[in-house]
Each structure stands twice: as C-alpha cells, then as structure tokens.
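Participant: What follows is a predicted protein model with its sequence.
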Amino acid sequence: MPMYADRLSRDLWNRGSPGRAPQRSAGANPGRSIDQREKPAEASIAALPKTGCGSVARVARNAGGGENGHAGAADRLRLYLGLPRRPRRLHPFWGSRKRRLIIGLGLAFGLLILAFLLLRLTGLIGRDPVWSRIQERGVWRVGMDPSFPPFEFLDATGRPVGLDVDLAEAIAGTWGVRVEIVGVGFDELMDAVHLHRVDSALSALPVVPHRTRDVSFSDPYVEAGLVLVVPETGGLQGIEDLRGRRVAVEWGSNGDVEARALGRQWDGALELVLRDSVSAALDALLAGEADAALVDAISVALHSRREQLRIVGPPVVSDPYVVVVPADAPQLLQAVNRALEQLRSTGALAEIQGRWLKPGE
C-alpha cells in the first residue's frame, strides 16, 4: 500500500511538472476535442483515492514546498487538478519577513526610549553636579551686578554690599559654606548661570518665562511689582475703588500704562495725575492732589515719608525678585528654596529687607 501511494504521488508530480505534456492513454476516445482531452476533470483533493497509509491529499500536503519560485508537491498537485495555487501560510504573530523587520525595529526603538527615560530620571533624582561642587569646595559662587542700590552696590572700599549680598550670605550660612561674589553685567547674568560660569545669580532678577529651558527660578524673596498706594488715613481698599477718582503715576511707567488701561475700561472714569518721577507722584498723593498712586513697591519702601503711606490689596502687577540657578541643578534649587523658607519663618528675611529697604538708602 505505501508503494501505491508513492507511485501515485510520483505520477502526479511528473504529470504536473512544467514542460511535460499529459500522456494520452491508449483507450482514449478519439472523438473528443483536444481541449476536452487535456482539461482535467473537476475534482478536489479530498476526492482522490485513499490508501491504508492515508489519502493522496495527505501525501501532497506532507510534501515540502520549494524555494525560489519552484512549486512544492502540494502546489503541483493543485496545479494538476486545475485548482488555484494555495497562498503561503504566514505565522499568525510574526508574519512575513518585512513585518518581522518592522516589529524588530519598533521593539529596538522602544527599548532606546525606555533607556533614555531611565537615564533622565536617574539624572533628575541622582547626583546634582553643581550642588555637589558647592558642598565639596565649601564655596557658593554667586553672580551680581553691583550697580543697583540698595540691592547690590560697592561701598567706599570697593566691597559689594546690599540686600542681595546679605541674603546670599544668609543662605550660604544655612548650608555651612561661604559666598564668593562674582561681578557680572546685568544682561549677562542668566547666560553666566546657564553656562556654569557661576553657580547662581542673585541680583534683583525677575522671573523671565522664556528662559526656563536654560535656568530655574527660586521662590520670591522680594515683591517689586506695581502696587496701589494711598495715604495712611485714606479710605480706598482696592483697585475697584479707583473708579471716578484721581490716580498719580510716573509718566511712561508701568503704572501709567495700567492706569490708562483702567481708564479705557471704565469709559474715562479715572483721572490721571502725571508726574516725572515715582517720588513726585507719591509727593502729589501726600499733597492731596491725587486719591491714590500706582507705583512699584520698592519705590514706596524707599520714599522719605514712607510711614505716611499704605499699600492696599495685592500687587496690581506682580514682579518678584528671585534667585537664578542652572536648569540642570534641581538639588541646588531645592536647597535655595528651603533656605529662603527657613529665613522667612525665623524672621531673618524680614530683618534683611528692613535693613536695606528704608528711606535714605
């Protein structure tokens, strides 16, 4: 029986081989046309004779397929029977070679992203080189532009003094290190921090949102924004109380811009009292020529008659001064913020502010 299956399989192979014409049997009907004689009968693999070792269909299915365009035994059998060539069966998961390549590249790319994220996370929570350098050498290098009293300026001996100098020394004191003041032009301070020419900058610097990719900003230590000021005995309590009143401003200042915007918003129900300086605007307020003034908070603190003035409400426009540190120094930023909170809670920060933000300085 196995021999019968092998012979039949070989016969099917030979008769289905390319270039081999079908052999006409001796008992063929000569009256049939060539097309009728050569066209195989409609049949299926399942209809082939079965033997003890299995059907011819099983023999054909068990035959391996060829490579490089040569049909396997199963394909030759289907060709002989006039059936369409069976499509190549793909693995249900990996599929073709191209798909395997795409999946492999995708997995490799995913692993690279995962490795990058792990390294980035490790850098954020790991060792901060700037903070480590400060701890190792015991020195905090702070950039300043000593030309803005009372925050930083040079005394008669050429030594930097001012609010920012005292604050830097107080912060360093909480860390157990000393401060080294490095003179840097105001416009170059943030670049100096970004390029690690200094560890930080503390020089009456505001928050600059478009520089947050290069540097980080600490919590505020002084509010220098636009405030509403009234006489100590004045009754105004907020910005809404200015409607229909007179407000003194320095011509061309932020206070002037804000007051004009309020006047347009209130359909002209605000009278501007323009002066050539902040001090002159505050003097006009104290002289009764205005009901309030819109000026910066630092000018109010430094005015010679500060005790006769009162700031009402929150800042109309906030403009805090902050400490600037490199963007890649998260531990240093945390240390600065912790030190500021400690100085604020103990009253040391208020003492430093009171020492420098007073009339006559």
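Facilitator: Yep, it's here. Numbers count the residues shown, from 1 in each chain.
Participant: For the strand of greatest length in the chain, give me every contacting residue.
Facilitator: In the chain, taking DSSP state E as the definition, the longest strand is strand 309-317. Residues from elsewhere that reach strand 309-317 (CB atoms under 8 Å, 6 or more residues apart in numbering): 223, 225-232, 234, 236-239, 254, 258, 282, 285-286, 294, 297, 300, 303. No exception for glycine: its C-beta is placed from N, CA and C like everyone else's.
Participant: can you tell me which of those residues are in helices?
Facilitator: Among these, the members found in helices (DSSP state H) are 254, 258, 282, 285-286, 297, 300.
Participant: give me the number of residues near I311?
Facilitator: 15 (other CB atoms under 10 Å).
Participant: mind checking pLDDT for it?
Facilitator: Predicted confidence (pLDDT) for I311: 95.
Participant: separation between it and E169?
Facilitator: According to CB to CB, to the nearest Å, I311 and E169 sit 28 Å apart.
Participant: got the phi/psi numbers for G238?
Facilitator: G238 adopts backbone torsions of phi -170, psi 180, taken as degrees, to the nearest 10.
Participant: cool, and the one 5 residues further on?
Facilitator: Main-chain dihedrals, R243, degrees, to the nearest 10: phi -60, psi 130.
Participant: Offset the numbering so it begins at 231, please.
Facilitator: Sure, I'll start counting at 231 from here, so that last one is R473.
Participant: follow-up on the earlier one: same list as before, the ones in helices among the contacts of strand 539-547 that is, but in TSV and with pLDDT and distance to E571 included.
Facilitator: Listed next are the ones in helices among the contacts of strand 539-547 as TSV, based on pLDDT from 0 to 100; distance: CB to CB, whole Å:
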residue	pLDDT	distance to E571
N484	94	29
E488	96	31
L512	97	32
L515	96	35
L516	96	36
A527	96	21
V530	96	25
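Participant: coming back round to it: which positions within the longest strand of the chain qualify as buried?
Facilitator: 539, 542, 545-546 (16 or more other CB atoms under 10 Å).
Participant: Okay, and the beta partners of the closest residue to W481 other than its chain neighbours?
Facilitator: Of all residues not flanking W481 in the chain, L504 sits nearest, at 4.6 Å (CB to CB, 6 or more residues apart in numbering). Each beta-bridge partner of L504 is listed here, defined by DSSP bridges: V479.
Participant: Pull the contacting residues for L504.
Facilitator: 478-481, 486.
Participant: Listing partners with orientation, what would you give for the longest strand of the chain?
Facilitator: Next to strand 539-547 in the sheet, as set by DSSP bridges, lie strand 456-461 (antiparallel).
Participant: can you map out the strands along the stretch 331-480 of the chain?
Facilitator: 369-374, 383-384, 390-391, 408-413, 430-436, 445-447, 452-453, 456-461, 476-480 (DSSP state E, counting those that start in this stretch).
Participant: ok, R427 to A514 distance?
Facilitator: R427 sits 45 Å away from A514 when distances are taken as CB to CB.
Participant: Give me the more crowded residue out of these two.
Facilitator: Neighbour count, other CB under 10 Å: between R427 and A514, A514 has more, with 18 against 15.
Participant: Next, work out how far apart that one and P461 are.
Facilitator: Distance from A514 to P461, by CB to CB: 11 Å.
Participant: mean confidence for stretch 418-431?
Facilitator: Rounded mean pLDDT across stretch 418-431 is 97.
Participant: Quick one: end-to-end distance for that stretch.
Facilitator: End-to-end distance of stretch 418-431 (CA to CA, to the nearest Å): 10 Å.
Participant: contacting residues around that stretch?
Facilitator: In contact with stretch 418-431 (CB under 8 Å, 6+ apart) are residues 360, 363-364, 370-375, 412, 414, 433, 435, 438, 441, 444-445, 553-557, 559, 562, 566.
Participant: Please indicate which of the residues you listed are buried?
Facilitator: Buried by 16+ other CB under 10 Å: 360, 363-364, 370-375, 412, 414, 433, 435, 441, 444-445, 553-557, 559, 562, 566, out of the contacts of stretch 418-431.
Participant: Just checking the distance from the longest helix along the chain to the centre of its chain.
Facilitator: What stands out as the longest helix in the chain, according to DSSP H, is helix 327-355. Taking CA atoms, centre = their mean, to the nearest Å, one finds the center of helix 327-355 at 19 Å from the center of the full chain.
Participant: got the buried residues for that helix?
Facilitator: Under 16+ other CB under 10 Å, helix 327-355 has no buried positions.
Participant: do stretch 408-416 as well
Facilitator: 409, 411-412, 414.
Participant: Just read off the phi/psi values of Q467.
Facilitator: Here Q467 shows phi and psi, under degrees, to the nearest 10, equal to phi -120, psi -10.
Participant: any weak-confidence spans in the chain?
Facilitator: 231-310, 312-326, 328, 349-356, 590-591 (pLDDT under 70).
Participant: Residue ranges of each domain in it, please.
Facilitator: 232-251+260-310, 322-356, 363-452+551-586, 456-547 (automatic domain parsing).
Participant: Just the terminal-to-terminal distance for the longest one.
Facilitator: Start and end residues of domain 363-452+551-586 are separated by 31 Å (CA to CA).
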